[in-house]
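> Give me a 3D structure for the following:
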Amino acid sequence: MQPIKLGVVGLGQAAGGVMPTMEALPEIDLIVGADILPEMRAGFERRYPGKRAFESIAAMCTNSDVEAVWVSTPNRLHCEHAIEVMRHGKHVIVEKPMAVTLAEADRMIAASKQYGVHLIAGHTSSYQPSVRAMRKIVQSGVIGKLCSIFIWSYTDWMLRPRTPDELVFEEGGGIPHRQRPHQIDVIRLLGGGLLRSVRGKIGQWMPERPIPGFYTAYMEFEDGTPVTLTHNGHGYFLTAELYPWAFAAHRYNEEDRKRFRRSLRSGQRAEVAEKSEYRLGGKRDKTLREVPAERPPWSPIDMGMLIVCCERGDIRHSKYGLTVYGDDGAREIDLHDVGRKEVDFEGGATIPALLEMHDAVVNGKPLYHSGEWGRATLEASLAMIASSQQRREIFLERQVPMPDDYDADLKVPLDELAHAN
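Purely as a prediction, here's the structure:
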């Protein structure tokens, strides 16, 4: 197997979540990193002996062995940094959100064409094997055509440590920028991609945080399929309470959340220092997490509870797969054998993004989560903000479909469902 040689730009907490997967996949050879902070570069070189970390993207990209780069720098820099990488002839996987504005997304897509390189907008919850299995069931028609999608998330996102740059809404801070790509990418994948309109509302009511911590929206696809989505990140009620096994996947418990509220209100929380603990070289370095002996159970984490409604049944997540409700009752679909077995601390969102790039670079296969796909998700996301500000429905113009052949090799026991129904 021919691996692609990969670099990572931005060696902070986000990168720490994905580098264990890069290290584990035989299709990926993580060879270099880049960060402007010397402590991040030192942490990378200690964690990965023999691999070098550079001060700039340009310096990293002078390494002719680098074929692709994972961009995990702050949101406001995604466009600038992705284009810089592509200018050096390297392929790019850019973290969500793809960009902060549609103009930036346009520039990134234009650069990928100008320099003849691949651009992937990832990773989001739409890559999760369970979500993709839902799409296969919908596509099959075994419980009839898709009728509606419901996705509902309550998290402690606003209580997590934030650096000052993360608290500027106009530069990509806040729940609507940081978390909406997960939900919107999921609903676009399930519904085929072509959203028609958005009516949304964002909410900012936590004085200690100068960014929105809530959004809700109603969306419709071109064929009329309705979607409702919500994310409240204030950390009081959590969606995980509905899934007793899910709390193990959460970093904080109730006592932590109470303590964080007190320290935020008093202005005494040392957030920058706290966040640095989870970065490379920190005492809670995310790349050093113990790999579980077996795949952990599904958890709503930030995406939330997802229910897909069809003409003759519904689908939701279960502990190790899906529950499909049909005319003959509920049936459990075990997804233990769906997807790869390597470690993926991001809920299954990292491996497929890396494999999609590998298949494109090495095997000449098409991209599905392309720049155009990412721009369409961004358009719907920004429309939600505009709708909230203008108090009206926003119609979309830059949507693209997900090709029917996406995930052609994903195996889901559809025959069993057909027999049961």
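
> and residue 354, what element?
Under DSSP states H and E, the secondary-structure element containing residue 354 is helix 350-363.

> and that helix, what does it pack onto?
strand 4-9, helix 13-24, strand 91-94, strand 119-121 (3 or more C-beta pairs under 8 Å, 6 or more residues apart in numbering; DSSP states H and E). Glycine gets a C-beta too; all of them are placed from N, C-alpha and C.

> Show me which residues of it are buried.
Residues of helix 350-363 classed as buried by neighbour count (16 or more other C-beta atoms under 10 Å): 350-361.

> for stretch 364-381, same thing?
Buried, per 16+ other C-beta under 10 Å, within stretch 364-381: 367-381.

> Give me the subset of those lying in helices.
Taking DSSP state H as the definition of helices, the buried residues of stretch 364-381 contribute 371-381.

> What is the burial count for residue 10?
By the measure other C-beta atoms under 10 Å, the count of residues near residue 10 is 24.

> Identify the residue nearest it in space, chain neighbours excluded?
Once flanking residues are discounted, residue 10 sits nearest to residue 73: 3.5 Å by C-beta to C-beta, 6 or more residues apart in numbering.

> same question, residue 23
residue 30 (5.9 Å).

> Am I right that the one you found sits in a strand?
Yes - counting by DSSP: H, G, I helix; E, B strand; the rest coil, residue 30 is found in a strand.

> Which strand residues bridge it?
For residue 30, the beta-bridge partners are residue 6 (DSSP bridges).

> In this structure, mark out all the helices, start to finish.
Along the chain, the segments classed as helices by DSSP H run 13-24, 38-47, 57-61, 78-87, 102-115, 129-140, 175-178, 180-191, 254-266, 271-276, 350-363, 371-390, 414-420.

> chain center to the fourth one: distance?
Between the centre of helix 78-87 and the centre of its host chain there is 19 Å, according to C-alpha atoms, centre = their mean, to the nearest Å.

> the inter-axis angle of that helix versus helix 102-115?
Put simply, helix 78-87 runs at 0 degrees to helix 102-115, going by axes from the mean of the first three to the mean of the last three C-alpha atoms, to 10 degrees.

> same question, the second one
Computed by the same axes, to 10 degrees, the angle separating helix 38-47 from helix 102-115 equals 50 degrees.

> Okay, angle between helix 38-47 and helix 13-24 too, please.
With the same axes, to 10 degrees applied, the angle from helix 38-47 to helix 13-24 works out at 20 degrees.

> Output the contacting helices and strands for helix 38-47.
With contacts taken as 3+ C-beta pairs under 8 Å, 6+ apart, helix 38-47 sits against strand 28-34, strand 52-54.

> from what I can see the residue nearest to residue 10 touches residue 9, true?
Yes - counting by C-beta atoms under 8 Å, residue 73 touches residue 9, with 5.9 Å between them.

> related to what we said a few turns ago, out of the helices and strands packed on helix 38-47, flag the one nearest residue 405.
strand 28-34 (24.0 Å; C-beta to C-beta).

> re the thing from before, list just the one of the helices of the chain that sits closest to residue 247.
Residue 247 lies closest to helix 254-266 among these, at 9.7 Å (C-beta to C-beta).

> got the contact list for the closest one?
Helix 254-266 is contacted from outside by 156, 159, 208-209, 235, 252, 269, using C-beta atoms under 8 Å, 6 or more residues apart in numbering.

> Output these in CSV; the columns should cover distance to residue 134, pLDDT and neighbour count.
Shown next, in CSV, are those (distance: C-beta to C-beta, whole Å; pLDDT from 0 to 100; neighbours: other C-beta atoms under 10 Å):
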residue, distance to residue 134, pLDDT, neighbour count
156, 26, 96, 21
159, 30, 96, 25
208, 37, 94, 15
209, 33, 95, 21
235, 28, 96, 22
252, 29, 91, 16
269, 39, 94, 19
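
> between these, which is nearest residue 345?
Closest to residue 345 out of the contacts of helix 254-266 is residue 252 (16.4 Å), distances taken as C-beta to C-beta.

> Please identify the nearest residue in space to that closest one, excluding sequence neighbours.
Excluding the flanking residues, the one nearest residue 252 by C-beta to C-beta, 6+ apart is residue 156, at 5.9 Å.
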